[in-house]
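**Student:** Pasting the sequence and the predicted model now:
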Amino acid sequence: MPELPEVEVTRRSFAAAIENATVQAVQLGKPLRWPLGCLPEQLLGRCVRSVGRRGKYLLLQLDQGVLLLHLGMSGSLRFAPVLPAAGVHDHFDLVTSQGILRLHDPRRFGAVVYVDNLAAPMAHKLLGRLGPEPLGDAFELAGFQAQLKRHQMAIKSVLLAGEAVVGVGNIYASEALFQAGIRPTVSAARLSRPRVARLHAAIVKVLDQAVTLGGSTLRDFSSASGQAGYFQLQTMVYGRAGLPCHVCASPVRLIKQGQRATFYCVTCQKS
DNA sequence: AGATGTCCCTGGAAGC
DNA sequence: TGCTTCCAGGGACATC
């Protein structure tokens, strides 16, 4: 499932190649999570200025308006001069003067949404409430601690909510908490300052490493250029229920928090 | 207001 | 073997 690192790797894999391309056609497949928000014809002739990212959203900055792309949990992008005819799971083709950008998404949790407001695309409701970028300067310790103080919920759930920090999904939440030695069930507000500092550092480290390795959590993940061969990151706890912890050999425990799987080591993450 | 539950969707795994 | 059920996930929305 694409989390922030996979989205960032995808962005880097086609951002330069699509820059200054002109939209020549738009082909839609089955409905995605949300409607496009404009008629496909309205996009014709527009120029792709740049490809940015906010959390797990990719932002195709056009000369007028922005296309928001979300990969959901099974989505992937391809960008190539020529692509085979769209298959049953190909739901969005942006045909440009420099190649075809295609969203492939079997489970259709992904989305492509057009936002007209060029001046303040961040004000869009999908982006407005997102917390700071974990790999940017805005993610500083004092603010992070202040956010955690506001929530009595379990720290794992607070991380997933995306207010304290954006882009930390289910996999990296478990991994970062393991690295910080913090039990996922502990109330966010009750974490001491040194422990918040450790968690802050762990989040940055885990995500940064995953981006460097090329978006590693998705077994069949490939970048938009079609380059495969990822999956290099060995998770410490995620998906390892019952297996020995890589550090202390205690069996990794699996619990449910808010209908989602959480993995942790009872020995390495005592409280 | 904050916290919790529900829903969307479908391929693959697990259970019978 | 063939069927059914369950599960995974992000994020908006509804409901306590």
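**Tutor:** Here it is on my side, so go on.
**Student:** So for stretch A:177-193, what gets flagged as buried?
**Tutor:** A:177-186, A:188, A:191 (16 or more other C-beta atoms under 10 Å). Bear in mind the C-beta positions are built from the backbone N, C-alpha and C, glycine included.
**Student:** DNA strand C: which of these is nearest?
**Tutor:** Of all those, A:Pro184 has the smallest distance to DNA strand C: 12.9 Å, by C-beta to the nearest atom of the strand.
**Student:** What sits closest to that closest one if chain neighbours are left out?
**Tutor:** A:Lys156 (3.7 Å; C-beta to C-beta, 6 or more residues apart in numbering).
**Student:** same deal with A:Val211?
**Tutor:** The shortest distance from A:Val211 to any non-neighbouring residue, by C-beta to C-beta, 6+ apart, is to A:Pro5 (4.6 Å).
**Student:** Count the residues that sit near that neighbour.
**Tutor:** By the criterion of other C-beta atoms under 10 Å, A:Pro5 has 29 neighbours.
**Student:** re earlier: so the residue nearest to A:Pro184 sits against A:Glu175, correct?
**Tutor:** No. The criterion here is C-beta atoms under 8 Å, and A:Lys156 misses it with A:Glu175 at 11.3 Å.
**Student:** Angles on the backbone of the nearest residue to A:Gln269 once chain neighbours are set aside, please.
**Tutor:** The shortest distance from A:Gln269 to any non-neighbouring residue, by C-beta to C-beta, 6+ apart, is to A:Arg183 (4.5 Å). Per-residue torsions, A:Arg183: phi -70, psi 130 (degrees, to the nearest 10).
**Student:** Next, the contact list for A:Arg183, please.
**Tutor:** A:177, A:264, A:269-271 (C-beta atoms under 8 Å, 6 or more residues apart in numbering).
**Student:** of the residues you listed, buried ones?
**Tutor:** By 16+ other C-beta under 10 Å, the contacts of A:Arg183 give A:177, A:264, A:269 as buried.
**Student:** domain ranges for chain A?
**Tutor:** Split into domains by automatic domain parsing, chain A comes to A:4-123, A:141-265.
**Student:** Using CSV, lay out the ones you listed together with distance to A:Leu135 and mean pLDDT.
**Tutor:** Output for the domains of chain A, formatted as CSV (distance: least, C-beta to C-beta, whole Å; pLDDT from 0 to 100):
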stretch, distance to A:Leu135, mean pLDDT
domain A:4-123, 8, 89
domain A:141-265, 6, 84
